[in-house]
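J.: need a structure here:
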Amino acid sequence: MTRSLSVLGSLLLATACTHPAAGVGGSGSTSSASSTSSTHAHAVAATSTVGGSGGAGGVAPVGTSATGVPFQCGMDQSSAAVTSSSTTSSATTSTATTGTSGFVTAPHTPPPPVTGNATDVLAHMELVTITLPGDANRPTEEAFGDFVLGSNWYATAGADYGVSPGTALAKVALTDTLPAHPTNADVVTLLTNRIADGTLPSPAAPNHDVLYILYVADVSQACPIACGAYHGQFTVTTPSASKVYYAVVGNAPWQPDTVTSLASHEIIEAATDPSVGFGYMMRETSDACDAVGTDYVRIANSFGGAEVGDLCEELVDKNITEGGFALQRSWSNSGAATGDPCVPTLPGDVYVNVTATPSRVQSVFRGTSIMFTLKGWSTAPTTDWKISAEPFLQTDFDASPTFSQPTLNNGGVATLTLTVPLFAKPGDFASFAIVSTTANGLVTRWPVSIEAE
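T.: Sure thing, here's the model as predicted:
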């Protein structure tokens, strides 16, 4: 089997929250939603959620093995060496960073950047907060809507992507009721009809960059897997043809901090990727042998998603507090280039990770092993953190990962040995996330992959 980026594309197609638009009316009127609506889900349960759409595509092999089977990546010539041609990576290595105390962050390879279309953002968002009857969290949700787009959190999270501070356009307490477990079609119908009758502000001029955020008790039927909130877009024709960008946040039985954290996650993702998959997200490179540019994205998708909120939702300290509200930190390219990729950073917070050499996928003869060098780095002094290996996504055999030591620290070096068993088929892959776990529970990951030759 050859390594193809279409693996991720298939995964996204199967698990993204994509629904046919409602073809039925609500409150006695007829829905005018478009034929499809695209959505992205945010998981709060242990189940991972994948959303958006990656830049998947086929990749041609770059060589042929001694057995005549195509292989794609650099070939290892012995059990202890790696060919020089296979150690070159498209990733760049950062320079060392010196802190105010004289601490120097060890040189390391930065993660791949979030990329996107600068024209597909809500640059000056106008927020419409929508609540339903019986919502005990309404005062918090409405106050949050008044506050969030003028916050330092929003300005910092959107700075890399052309997103400027926004405004609260309206607060609307609807008298409509939804089913106990509404589907996305129910949500689309409700928003369509209330826009058509003027209960909700129009997404058309003079308004612009409007995001409708609807708080409901439960969103479990709107997503194919467990999720606490999601965002998407559809088109209406009344009062004029316009795109409708919306987010849906579950609010029961969670506490207000959980609700505002979920809402902030969807707001920054709707601002940076409003059309779901066409704005800013982390995408695979076209080089299937680039373990950083390909597998880092696959890890992100397997553990939550590749939009800017998804990339930081696993942090143990994922939330900051501003204005009395819990707000989820978000991915920043500029932050990732120098250290902690999740902004705003927290005072005293220490981010850690490892990088691996070689950084490209390695082709290894069956029955032999290859050794990777792992280097630890951190943004400030910290205690040693644990390292481990987790297989992910396309893993065809057990490579028996073995570390030379169980922990690392900034500038520290360890080795990881992976073995291709004799029964592996040429072209089989084993892909691992090298997991760094700190004493306070921070978890970060870095990819390493091998191909059976």
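J.: Identify the residue nearest residue 142 in space, chain neighbours excluded?
T.: Distances taken as C-beta to C-beta, 6 or more residues apart in numbering put residue 171 closest to residue 142, at 4.8 Å, once the chain neighbours are dropped. The C-beta positions use only the backbone N, C-alpha and C, and glycine is treated the same way.
J.: Just the CA atoms of the helix or strand that neighbour falls within, as CSV, please.
T.: Using DSSP states H and E, residue 171 sits in strand 167-173. Below are the C-alpha coordinates for strand 167-173, written out as CSV (Å, rounded to 0.1, in the frame of the first residue of the first chain):
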residue,chain,number,x,y,z
THR,A,167,-19.5,44.5,17.7
ALA,A,168,-22.6,43.1,19.3
LEU,A,169,-25.4,43.6,16.7
ALA,A,170,-28.4,42.3,18.6
LYS,A,171,-29.7,40.1,21.5
VAL,A,172,-32.8,38.2,20.6
ALA,A,173,-34.9,36.0,23.0
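J.: I'd say residue 273 and residue 281 touch.
T.: Yes. When contacts are counted by C-beta atoms under 8 Å, residue 273 is listed as touching residue 281 (5.6 Å).
J.: Can you show me the helices along the chain?
T.: 6-15, 138-147, 152-158, 184-196, 256-272, 296-302, 333-338 (DSSP state H).
J.: Just the mean pLDDT for the third one, thanks.
T.: It stands for helix 152-158. Mean pLDDT, computed over helix 152-158, is 98.
J.: Now do that helix: which elements does it pack against?
T.: helix 256-272, strand 319-322 (3 or more C-beta pairs under 8 Å, 6 or more residues apart in numbering; DSSP states H and E).
J.: how distant is the longest one from the center of its chain?
T.: Just to be clear, that refers to helix 256-272. Offset of helix 256-272 from its chain centre (C-alpha atoms, centre = their mean, to the nearest Å): 14 Å.
J.: partner residues bridging the residue nearest to residue 142?
T.: Note on residue 171: beta-bridge partners residue 129, judged by DSSP bridges.
J.: From residue 248, how far off is it?
T.: From residue 171 across to residue 248, the span is 17 Å (C-beta to C-beta, to the nearest Å).
J.: of those two, who's got more company?
T.: residue 248 (29 against 16; other C-beta atoms under 10 Å).
J.: and that one, what does it touch?
T.: By C-beta atoms under 8 Å, 6 or more residues apart in numbering, the contact list for residue 248 reads 184, 187, 213-216, 219, 222, 229-231, 266.
J.: Roughly how far does it sit from residue 227?
T.: Distance from residue 248 to residue 227, by C-beta to C-beta: 10 Å.
J.: residues shared between the contacts of those two?
T.: What both residue 248 and residue 227 touch, as defined by C-beta under 8 Å, 6+ apart, is the set residue 219.
J.: Turn the helices and strands packed on helix 152-158 into a markdown table, including distance to residue 135.
T.: Formatted as a markdown table, the helices and strands packed on helix 152-158 follow (distance: least, C-beta to C-beta, whole Å):
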| stretch | distance to residue 135 |
| --- | --- |
| helix 256-272 | 10 |
| strand 319-322 | 22 |
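J.: just to revisit the earlier point, with respect to residue 285, which of the helices of the chain lies nearest?
T.: With respect to residue 285, and counting by C-beta to C-beta, the nearest of the helices of the chain is helix 296-302 at 8.3 Å.
J.: buried set for the closest one?
T.: Within helix 296-302, the residues scored as buried using 16 or more other C-beta atoms under 10 Å are 296-302.
J.: That one - what's its average pLDDT?
T.: 83.
J.: next one: stretch 357-374
T.: In the prediction, stretch 357-374 has an average pLDDT of 94.
J.: next one: stretch 168-179
T.: pLDDT averaged over stretch 168-179 gives 96.
J.: Low-confidence stretches in the protein?
T.: Residue ranges of the chain with pLDDT under 70: 1-72, 74-100, 224-226, 393-394.
J.: Outline the domain layout of it.
T.: The record's domain split for the chain, according to automatic domain parsing, is 6-46+116-272, 63-112+351-452.
J.: Residue 400: neighbour count?
T.: 13.
J.: go on, residue 267?
T.: By other C-beta under 10 Å, neighbour count at residue 267 equals 33.
J.: quick one: contacts for it?
T.: Residue 267 touches 125, 127, 148-149, 154, 211, 213, 247, counting by C-beta under 8 Å, 6+ apart.
J.: OK, contacts around the residue nearest to residue 108 when sequence neighbours are not counted?
T.: In space, and not counting its chain neighbours, residue 108 is closest to residue 377: 4.2 Å by C-beta to C-beta, 6+ apart. The contact partners of residue 377, by C-beta under 8 Å, 6+ apart, come to 105-108, 352-355, 410-411.
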